[in-house]
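Asks: coords please:
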Amino acid sequence: MKDEQTLFEKQQLELDQNLEKRQQSLTIVQEKYNQIMEQVELAEQDKAGIESQMKDIQAKISKEQVEKKARVTAVPAKAAVTSNSNTGVALKGTELYVTSTAYSHEDSGSITAAGYNIEKNPNMKLIAVDPSVIPMGSRVWVEGYGEAIAGDTGGAIKGHKIDVLMPTSAAARQWGRKTVKIIILD
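Replies: Next up is the predicted model:
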């Protein structure tokens, strides 16, 4: 009986030690959990601060874009009646001055943003525009070029810029870059 009691006491001691180890492990895990939760709370505070800064930055960018658009649209457009020197016919519409460059199907794709095949029709009168300034599909008279269709867009064509279609790259280079008067025809 004494052997059994000793055996029980030994087992009880092992169980008590095991319980103590598990309680210590649980305490360590609880401390780590608390540390992690503190870090999560700090991260959420950082996130909220960053989101606030992002909103401020986005508001500033939006304000700058509105101001820039206001400066671009502040260039006065006036109704114009101009005589086309080729035909002698008066042209009615909105007059603007724009920076113009030129391109050809040899330097770009063959299909325009409006679906025109300029490779098959390299002599057509077409211009690339910023649709927020000159609506796609508009008829436009361009000084030194004639009447054209606004039928293309381009990555560099923003604001008061146009790109006139020429039949060859050489003709496009000859056009160069210049300020021209245009009339968006009524």
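
Asks: Of all residues in the protein, which one is nearest the centre?
Replies: G155 (11.0 Å; CA atoms, centre = their mean).

Asks: so which helix or strand takes in that one?
Replies: Under DSSP states H and E, no helix or strand contains G155.

Asks: send the alpha carbons of the helix or strand I182 falls within over as CSV?
Replies: I182 belongs to strand 178-185 when assigned by DSSP H and E. Output in CSV follows, covering the C-alpha atoms of strand 178-185 (Å, rounded to 0.1, in the frame of the first residue of the first chain):
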residue,chain,number,x,y,z
LYS,A,178,3.3,75.7,-84.6
THR,A,179,0.4,77.7,-83.2
VAL,A,180,-2.6,77.8,-85.5
LYS,A,181,-6.0,79.2,-85.4
ILE,A,182,-8.8,76.7,-85.6
ILE,A,183,-12.6,77.0,-85.9
ILE,A,184,-14.8,74.3,-84.5
LEU,A,185,-17.5,74.5,-87.1
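
Asks: Now do the buried residues in that strand.
Replies: Neighbour-count burial for strand 178-185, counted by 16 or more other CB atoms under 10 Å, picks out 180, 182-184. Yep, even glycine has a C-beta here, placed from its N, CA and C like the rest.

Asks: got any ranges where the protein has weak pLDDT?
Replies: Within the chain, the ranges that satisfy pLDDT under 70 run 68-90.

Asks: could I get the buried residues of strand 178-185 as TSV with distance to S108?
Replies: As requested, the buried residues of strand 178-185 are exported to TSV (distance: CB to CB, whole Å):
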residue	distance to S108
V180	20
I182	21
I183	25
I184	23
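
Asks: For K21, state which of those is nearest.
Replies: Proximity of these to K21 (CB to CB) peaks at I184, which lies at 85.2 Å.

Asks: Quick one: residues contacting that closest one.
Replies: Contact analysis of I184 by CB atoms under 8 Å, 6 or more residues apart in numbering lists 93-94, 96, 134-135, 138-140.

Asks: Find the pair from those with maximum spatial separation.
Replies: L96 and R139 (14.1 Å).

Asks: Strands of the protein, start to end?
Replies: Ranges of strands in the chain, per DSSP state E, are 78-83, 90-103, 126-128, 139-142, 146-152, 161-165, 178-185.

Asks: of those, which approaches D56 most closely?
Replies: That would be strand 161-165 among these, by CB to CB, at 31.8 Å.
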